[in-house]
Structure formats: structure tokens, C-alpha cells
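> What follows is a predicted structure for the sequence shown.
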Amino acid sequence: MKASAKQQQALLVMQKCDTALARLTYDAQHLPEHEQLRELKQAREVKTREIASLQANLSDYRREASKVANDVERMQARIEVLNQRLDASAGSPKELANMQEELDNVTARLDLVMEKQWEGDDELKKQQAQIDSIRTESENLSQQINELTAKRDAQIADLQSQAQPLIDERKAHMVIAGPELTREYDAIRKSTGGIGAVALRGRSIDGMSVQFTPAEWDRIRKAPSDEVLVSEDHEWIMVRVDD
């Protein structure tokens, strides 16, 4: 492939931009807030499940409490009727004796049921208090999540603002490099995992320790300036720059 020195050198600017953009992308993906948010959301999910379970139990208790309350009301009504009849001596001695016996039995049962009602009310209060406590914890977690999300989003926005000038600079140098050379560079960069072009200064690659075989160095030395050199060992485009 042929390309002017200016076109080839545009690749070095594109590589600089791509390396910086990759670093910014990595930073955005590895913010500590990501893991912190995951843990907080998991904790909130646990609280949500706990509340749902306790509310189901609370509904069962309320249904039972409603039954007990109905029993209390029914027995209190019966006691009132029996007391009225006994006070009025409405009935024969035998009937009155039976009514007194029933009254004693109903009163005894009422005492037991009311005790159960008090215990149930106490348990209802305890469960509701537990639900309220867990709900408060869940709300606190939600607040932390909101605050941390805002912090994370602000950091990502800052990284994006840093990325935009690099994107613009890359686009400008893509125009200089031209579509064919840009496609070749992008294909190589994808194949190597990030490096598409390197600066060849004399017999050295900037920032790397690379040894050329005599045969490859002879190929590089003899290549015309407009020839796009690709490393035989590493696949990179080697852009020749002045010493």
C-alpha cells in the first residue's frame, strides 16, 4: 500500500487518540462506584424481599386478628343478652340455671379469646415495627444509591468531556490519512488488541524494545518513503519519523 508521509503520520495522531480513548473507556468502566452500586442494590433487594415476606405474615396475622375480633364481638353480644335475661329473671329456674351456666362458659371463653387478641395485637405491633424499621433501612439504601449514582454519572460525564476533543482530533486525522489507510489501520488495531501504528525512529520503535532481523531492517531501509511498512512480527504499521 502506498501513502504519503503526511498520511502515515496522521496514523500516529490517531493512535495517540485511540490509546487515550481506550484509557478513558477503561476508567469509565472500572469506576469503584459501579461495584459499590451493585452491592447497595443487592442489599436493597434483600430488604425488599424481607419486607414482602413480613407483610405476607402480617396479612395472615391480621386475618386471624379479624376472626378473633369477630369472636369477641359475638361472645360479648351473647353475654349481654344472657345478662339481660338473667337480670329480668326471664325463664324458669332450670332455664335460668342453664343461662347462668352458658354465661359462665362464654365468659370463660371470652377471657381466653381476649387474651389471644391481646397477644395477637402485640405481635402485630412488633411485626409492623419490624417492617417500618426495614423500610427505613431500604429508604436509606435508596438515598445512598441515588447519591452514588449522581457521583458516578458526574465522573462519567467528565470522562466523556475529556473524550470528545480526542474524538474530534481523530476524525480530523482520519480525513488526512484517507479511507483506505484508515481501514487498514483500524483492522490492524482490532487484530492486535489496540495498536495499529507505531513511530519508527531510526532503528527504534518509540516506547518499545523491538529488535529487527537483518533481513527486515534491510527491507525497511530500502522501502520508498510512500510505502506503508507493516511489521512482519507484530503487524503494526511502522510510520517513519525524523530522528
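Right, received. Where do you want to start?
> Could I get the contacting residues of Q9?
239, 241 (C-beta atoms under 8 Å, 6 or more residues apart in numbering). Every C-beta, even on glycine, is put in place using the N, C-alpha and C of the backbone.
> If we use 10 Å, what do you get?
3, 173, 176-177, 197, 199, 239-241 (C-beta atoms under 10 Å, 6 or more residues apart in numbering).
> quick one: least confident helix or strand in the protein?
When the helices and strands of the chain are scored by mean pLDDT, DSSP states H and E, helix 32-87 comes last with a mean of 84.
> For Y185, identify the helix or strand it belongs to.
helix 179-192 (DSSP states H and E).
> what's the next secondary structure element after that helix?
strand 197-201.
> picking up where we left off before, which strands and helices sit next to the least confident helix or strand of the chain?
helix 93-177 (3 or more C-beta pairs under 10 Å, 6 or more residues apart in numbering; DSSP states H and E).
> now the helix it packs on: mean pLDDT?
Averaging pLDDT along helix 93-177 gives 87.
> That helix packs against which elements?
helix 5-29, helix 32-87, helix 179-192.
> of all the ones you listed, which lies closest to L112?
helix 32-87 (10.1 Å; C-beta to C-beta).
> Quick check: the residue nearest the centre of the chain vs L148, distance?
Within the chain, one residue has its C-alpha closest to the average C-alpha position: by C-alpha atoms, centre = their mean, that is R38, at 4.2 Å. Distance, R38 to L148, using C-beta to C-beta, to the nearest Å: 11 Å.
> for E33, same thing?
E33 is 5 Å from L148, by C-beta to C-beta.
> What of Q84?
The gap separating Q84 from L148 is 68 Å, by C-beta to C-beta.
> Same check on A77?
Taking C-beta to C-beta, one finds A77 at 58 Å from L148.
> Give me the more crowded residue out of these two.
L148 (17 against 10; other C-beta atoms under 10 Å).
> For T107, list the residues it contacts.
T107 neighbours (C-beta under 10 Å, 6+ apart): 75-76, 78-79, 82-83.
> out of these, what pair is the most spread apart?
M75 and N83 (12.3 Å).
> more neighbours, these two?
Shown here are M75 and N83; by other C-beta under 10 Å, M75 has more neighbours (18 against 13).
> neighbours of the spatially closest residue to that one that is not a sequence neighbour, just the number please.
Take M75 and drop its neighbours on the chain: the residue closest to it by C-beta to C-beta, 6 or more residues apart in numbering is L110, 4.5 Å away. L110: 18 surrounding residues under other C-beta under 10 Å.
> And L110, how close does it get to E232?
Taking C-beta to C-beta, one finds L110 at 99 Å from E232.
> One more: L112?
Per C-beta to C-beta, L112 is found 95 Å from E232.
> Look at the two and report which has more neighbours.
E232 (12 against 9).
> For the residue nearest to that one when sequence neighbours are not counted, pull up the helix or strand it's in.
Using C-beta to C-beta, 6+ apart and skipping the chain neighbours, the partner closest in space to E232 is E216 (5.7 Å). Secondary structure from DSSP H and E places E216 in helix 214-222.
> what's the following helix or strand after that helix?
Past helix 214-222, the next helix or strand by DSSP H and E is strand 229-230.
> Tell me the first helix or strand C-terminal of that next one.
strand 237-241.
> what residues go with each domain of this protein?
5-21+178-241, 29-162 (automatic domain parsing).
> nearest to D168, of the ones you listed?
domain 5-21+178-241 (9.1 Å).
> What is the end-to-end distance of that closest one?
9 Å (C-alpha to C-alpha, to the nearest Å).
> ok, back up a step: and the domains of the chain: which comes nearest E169?
Using C-beta to C-beta, the nearest of the domains of the chain to E169 is domain 5-21+178-241, at 5.4 Å.
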